[in-house]
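Peer 1: structure for the following, please:
(one chain, ligands or ions: 1)
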Amino acid sequence: MKLLHTTLGPKRADELGMILPHEHIFVDLRTPDQPGYAQADPADVVRLMAPQVEAAAIRGITTIVECSTGGVGRRADLDLAVSLATGMPIVVPTGNYREPWVSDWVRVASEAELEAHMFREMTEGLDGTPVLAAWIKISAGDDGITVLEERILRAAVRAAKRTGAIIGSHTIKGRVVMDQLDIMEDEGYTAERFISIHTQTEPDFGLNLAVAERGAWIEYDHVGRAPDDEVASLILKALEAGKATQLLLSHDRGWYDPAQPGGGVPKPFTHLSDVMLPMLRERGVTEETILQLMVANPFAAYSR
Ligand SMILES: [Zn+2]
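Peer 2: Numbers count the residues shown, from 1 in each chain. Below you'll find the predicted structure:
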């Protein structure tokens with residue numbers, strides 16, 4: 001049976017409802033060599049982020065996927081603290097972000113060492129917690145994957161093949177996603193276990209579809225960050241192209257930022273529920289499709 005590994009333990013599909021597949025509780029976009037990188041008091045993070053998580057819970061969100069990975073302040077212990085304070089399960093990744101958000105040990109690690117590290121985080125726990133990483137979050141350079149990023153990707157694919165995990169990548173251009181899918185298939189894994197994160201940043205809709213045609217998930221994660229009409233139109237185009245079972249929707253918002261005084265001002269996880277879903281219903285999207293997008297798809301993608 002496929003299980004979704006969360007901060008509050010493994011969950012079955014019938015235990016969950018709507019899932020936000022790409023948000024952030026905690027992010028540090030300073031590189032790992034900076035003083036104070038990823039440092040914060042759990043109580044401060046809970047104080048800032050628990051109300052945001054609770055606002056999502058009131059709207060029927062049952063799980064939030066944390067997309068902060070290695071190099072950008074992945075802290076499963078902070079996610080766990082927010083979960084314990086709110087009752088909201090949070091899904092945490094292993095993996096590493098693109099250059100230059102790479103710590104010294106990752107920079108010099110072999111492919112085998114990186115694979116072993118990711119496998120351990122998915123089977124034993126991460127950041128000193130018993131929380132298992134559910135999935136692998138990586139990234140690639142905007143204009144093409146670097147040698148180091150390819151090493152991280154190949155290690156990710158090998159670890160994913162052993163666990164059934166999905167790999168999600170912050171990749172800005174569709175053609176770079178296609179290169180990543182080539183590497184993934186070269187390693188003998190299926191493109192169906194890949195999420196093209198920020199698919200909306202590729203302006204050629206044909207390339208969005210080409211990625212989906214290969215079997216990968218596409219993710220429009222700019223809900224609440226771009227004009228509603230633009231976001232709704234893009235979603236409708238993907239639905240009309242028959243991609244309802246490969247589409248993920250989220251805000252890519254939050255978060256506690258340790259580089260800001262008091263963690264800064266977080267942005268809410270509520271725009272999808274309050275504005276976008278009603279707008280999609282108004283434009284003729286059925287309740288069945290809404291459930292597919294918000295319940296079935298994120299579980300299918302992130303469970304293993
Ligand atoms: Zn993000």
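Peer 1: please count neighbours and contacts with C-alpha atoms only from this point.
Peer 2: Fine.
Peer 1: element containing the nearest residue to Ser110 once chain neighbours are set aside?
Peer 2: Among residues not flanking Ser110 along the chain, Arg151 sits closest, at 7.9 Å (Cα to Cα, 6 or more residues apart in numbering). Counting by DSSP states H and E, the element that carries Arg151 is helix 147-163.
Peer 1: buried sites along that helix?
Peer 2: 148-161 (16 or more other Cα atoms under 10 Å).
Peer 1: touching, the residue nearest to Ser110 and Glu113? I think so.
Peer 2: No. In this structure Arg151 lies outside contact range of Glu113 using Cα atoms under 8 Å: 10.6 Å.
Peer 1: which strands and helices sit next to whichever strand or helix holds Glu288?
Peer 2: Using DSSP H and E, Glu288 sits in helix 287-291. Counting contacts by 3 or more Cα pairs under 8 Å, 6 or more residues apart in numbering; DSSP states H and E, helix 287-291 is packed against no other helix or strand.
Peer 1: following that helix, which helix or strand comes up?
Peer 2: Following helix 287-291 in sequence, per DSSP H and E, is helix 297-302.
Peer 1: pull the helix holding Glu288 out as CSV, backbone CA atoms only.
Peer 2: Output in CSV follows, covering the C-alpha atoms of helix 287-291 (Å, rounded to 0.1, in the frame of the first residue of the first chain):
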residue,chain,number,x,y,z
GLU,A,287,-16.1,18.8,-8.4
GLU,A,288,-14.6,15.5,-9.5
THR,A,289,-11.7,17.3,-11.3
ILE,A,290,-11.2,19.5,-8.2
LEU,A,291,-10.8,16.4,-6.1
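Peer 1: so for that helix, mean pLDDT?
Peer 2: Averaged across helix 287-291, pLDDT comes to 98.
Peer 1: mind listing what's buried in it?
Peer 2: 289-290.
Peer 1: show residues contacting that helix.
Peer 2: 18, 244, 277, 281 (Cα atoms under 8 Å, 6 or more residues apart in numbering).
Peer 1: wait, what's in contact with the second one?
Peer 2: The reference is to Ala244. 238, 289, 292-293.
Peer 1: save those residues as a markdown table, and put in distance to Glu202 too.
Peer 2: Listed next are the contacts of Ala244 as a markdown table, based on distance: Cα to Cα, whole Å:
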| residue | distance to Glu202 |
| --- | --- |
| Ala238 | 14 |
| Thr289 | 24 |
| Gln292 | 24 |
| Leu293 | 21 |
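Peer 1: those: which two are farthest apart?
Peer 2: Ala238 and Gln292 (13.6 Å; Cα to Cα).
Peer 1: that older thread, now the contacts of helix 287-291: which count as buried?
Peer 2: Using 16+ other Cα under 10 Å, the buried ones in the contacts of helix 287-291 are 18, 244, 277.
Peer 1: just those residues: which are in helices?
Peer 2: Leu277 (DSSP state H).
Peer 1: just give me the closest of the buried ones among the contacts of helix 287-291 to Tyr189.
Peer 2: Ala244 (22.8 Å).
Peer 1: and the gap between Leu277 and Leu234?
Peer 2: 13 Å (Cα to Cα, to the nearest Å).
Peer 1: now do Leu280
Peer 2: 11 Å.
Peer 1: in terms of neighbours, single out the busier of the two.
Peer 2: The neighbour comparison of Leu280 against Leu234 (other Cα atoms under 10 Å) goes to Leu280, with 21 against 15.
Peer 1: secondary structure element holding the nearest residue to that one once chain neighbours are set aside?
Peer 2: Of all residues beyond its chain neighbours, the one nearest Leu280 is Ala232 (6.5 Å), with distances taken as Cα to Cα, 6+ apart. Assigned by DSSP H and E, Ala232 belongs to helix 228-240.
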